[in-house]
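K.L.:
Build me a model from this:
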Amino acid sequence: MHPFVLTCLLSALGLGTVLTFSSTHWLMAWMGLEINTLAILPVMAQKHHPRGIEAATKYFLTQATAAAVILFAGLTNAWLTGEWSISQLSHPLAANLMFLALALKVGLAPMHFWLPEVLQGLDLTTGLILSTWQKLAPFALLVQVAPSVDPSLLVALSLLSILIGGWGGLNQTQLRKILAFSSIAHLGWMTLVMRFAPSLSILALLLYIVMTSATFLSMKTYGCTTLNGLATSWAKYPVLGALLTPTLLSLGGLPPLSGFLPKWLIIDEMVKQGLQLPATLAALSALLSLYFYLRLCYAATLTSAPNVLTKVTPWRLVSPGGHLLLASLSTVALGTLPLAPTILAWIA
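P.N.:
From the prediction side, this is the model:
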């Protein structure tokens, strides 16, 4: 793809997200989401590979369906209450319908079926954009819609996402599918507390973006997309292998790493709200996700290739670059927990 075209598409991607962020009217927010979707489709299909075209087609159909339901929910609310403002989504029917449409946008269970298949058909850079940046605009709308949604629906879908995200990743060998199910599970944690403490949801989203970005960039540096490839490529960059392991454990929420912080605060908030049973179920379901992260850690550090590598010795290879960004993301992904008092004071 020509650099000028790519720059225009990435600028449109940023414009769509900013437009949704700054909107107070449902039509403007919907327009931002549509710009976002249309801008990333050519980026998905730029390599002209059948899997990339298939992923772009599936993504387009899913996002078009979600956008149509969002527009219908906004129209329903305007018909019943006379209000187009996002903050005035007061009718229960329109609010629940809007929440389900936005859940389809981000890939929240049970509307998650498109996410692993789409992510599997993309290259790692586009997959990183889909897993991080593309979630920002719908998430901003979810935070505003959540107070009007039925609490039982919100908690049920959140627990289902955490469970399916952990269960679906158990038997996967493709790293992109594993990260897709990881995304589903983390979205469940974010929406679980969204009604009661939106600031905790935003904190969980930011830490998820940092940890996932570090993981995707590590996979891109390795140049591997499968579990077997990860098991035989760690010898190229041993230091990166040692750094990838705690990053994966941080994604799993293991203390004392950064990923433990949002889960700890979310469970604490759920208990304060008198929802001990959902908090317990979420904590137990997180063990499923931790299991497949441990599989990745085992493959990344505790396995060795069955034969001698026939490639040029790693220290003679040209450095791929981008190490400063990866090091910065890994530092945040591993060392945020000691800052918990400061973060809590900022949230309060």
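K.L.:
From now on I want contacts and neighbour counts done on CA atoms only, so please keep to that.
P.N.:
Will do.
K.L.:
which residues sit against stretch 95-109?
P.N.:
Contact with stretch 95-109 is made by 62-63, 66-67, 69-70, 73-74, 77, 89, 111-115, 134-135, 138-139, 141-142, 145-146, 148-150, 157-158, 160-161, 164, 184, 187-188, as judged by CA atoms under 8 Å, 6 or more residues apart in numbering.
K.L.:
Kindly export it (C-alpha atoms) in PDB.
P.N.:
Written as PDB, here are the backbone C-alpha positions of stretch 95-109 (Å, rounded to 0.1, in the frame of the first residue of the first chain):
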ATOM      1  CA  ALA A  95     -30.700   1.200  26.400                       C
ATOM      2  CA  ASN A  96     -30.500  -2.600  26.500                       C
ATOM      3  CA  LEU A  97     -30.600  -2.700  22.700                       C
ATOM      4  CA  MET A  98     -27.800  -0.200  22.400                       C
ATOM      5  CA  PHE A  99     -25.700  -2.200  24.900                       C
ATOM      6  CA  LEU A 100     -26.200  -5.400  22.900                       C
ATOM      7  CA  ALA A 101     -25.200  -3.500  19.700                       C
ATOM      8  CA  LEU A 102     -22.100  -2.100  21.300                       C
ATOM      9  CA  ALA A 103     -21.300  -5.500  22.700                       C
ATOM     10  CA  LEU A 104     -21.400  -6.900  19.200                       C
ATOM     11  CA  LYS A 105     -19.000  -4.100  18.100                       C
ATOM     12  CA  VAL A 106     -16.300  -4.900  20.600                       C
ATOM     13  CA  GLY A 107     -16.800  -8.700  20.700                       C
ATOM     14  CA  LEU A 108     -18.400  -9.300  24.100                       C
ATOM     15  CA  ALA A 109     -19.900 -12.800  24.600                       C
END
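K.L.:
How many neighbouring residues does Ala348 have?
P.N.:
Burial of Ala348, expressed as a neighbour count using other CA atoms under 10 Å, amounts to 7.
K.L.:
try Leu115
P.N.:
Leu115, neighbours per other CA under 10 Å, totals 25.
K.L.:
what's the helix or strand for it?
P.N.:
helix 114-120 (DSSP states H and E).
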